[in-house]
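Enquirer: sequence below, structure please.
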Amino acid sequence: MSATETLSKPVSTSLRADALDMKLEVVVLPVADVDRAKRFYGDLGWRLDLDYAPGDDYRVIQFTPPGSGCSVIFGKNVTEAAPGSAQGLHLIVSDVAAARDQLLRRGIEISEPFHDPGGIFHHARAKDLAGGPNPQRKSYASYASFSDPDGNGWLLQEVTARLTGRIAPDDTRFTPELTDVVRRAEAGEFP
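Expert: From the prediction side, this is the model:
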């Protein structure tokens, strides 16, 4: 079977007993000024794991957000991607307002909280968003955004109840739109 045939095969929505865990470990951030980025991510309060430079033409720095199993790396000759081109990087928090306040105290510029009245995921266009967190503080529905000095875009997303792929009939922790989509997926309505 060719790679093209493999990619075009439908993906099963059910978990197989022999499926291996796959955990996101590292996200590579494209930056223009390595030392400026190091200061910024340190100012966020993230743990510096590594600053390795075996010579003048290569340097890699790794930071890990508090409580995260995934780290970010950046440096000199780490990626050819354009500085600032990483967008939509989500940091999950239990309280978007408290996390925003913490970043403000650290001197980080961050948006006011916002939500998407459509309820399932935020739109990229600001005109489709509403100010303030989700009025009922539904899980996955409130955000705040910030960027690093190069323009790599981050979102705080408030998650108070983790989505498991199934939502019980009496569970009201999620927006009606998200609940509907999950239930339709569970029923096999999506190819």
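Enquirer: low-confidence ranges, this structure, go.
Expert: 1-17, 191 (pLDDT under 70).
Enquirer: run through the helices of it in chain order.
Expert: For the chain, helices defined by DSSP state H occupy the ranges 3-8, 34-43, 96-105, 176-186.
Enquirer: can you show me the CA trace of the second one as PDB?
Expert: Think helix 34-43. Extracted as PDB, the C-alpha positions of helix 34-43 are listed here (Å, rounded to 0.1, in the frame of the first residue of the first chain):
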ATOM      1  CA  VAL A  34      17.000  33.800  20.800                       C
ATOM      2  CA  ASP A  35      17.900  35.700  23.900                       C
ATOM      3  CA  ARG A  36      14.800  37.900  23.700                       C
ATOM      4  CA  ALA A  37      12.700  34.800  23.400                       C
ATOM      5  CA  LYS A  38      14.500  33.200  26.400                       C
ATOM      6  CA  ARG A  39      13.700  36.300  28.500                       C
ATOM      7  CA  PHE A  40      10.100  36.300  27.500                       C
ATOM      8  CA  TYR A  41       9.400  32.600  28.200                       C
ATOM      9  CA  GLY A  42      11.300  32.900  31.500                       C
ATOM     10  CA  ASP A  43       9.100  35.900  32.300                       C
END
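Enquirer: burial check on G132, number of neighbours?
Expert: 11 (other C-beta atoms under 10 Å). In short, each C-beta sits where N, CA and C put it, glycine included.
Enquirer: kindly report the same for the one 3 residues further on.
Expert: The burial metric for P135, expressed as a neighbour count using other C-beta under 10 Å, is 11.
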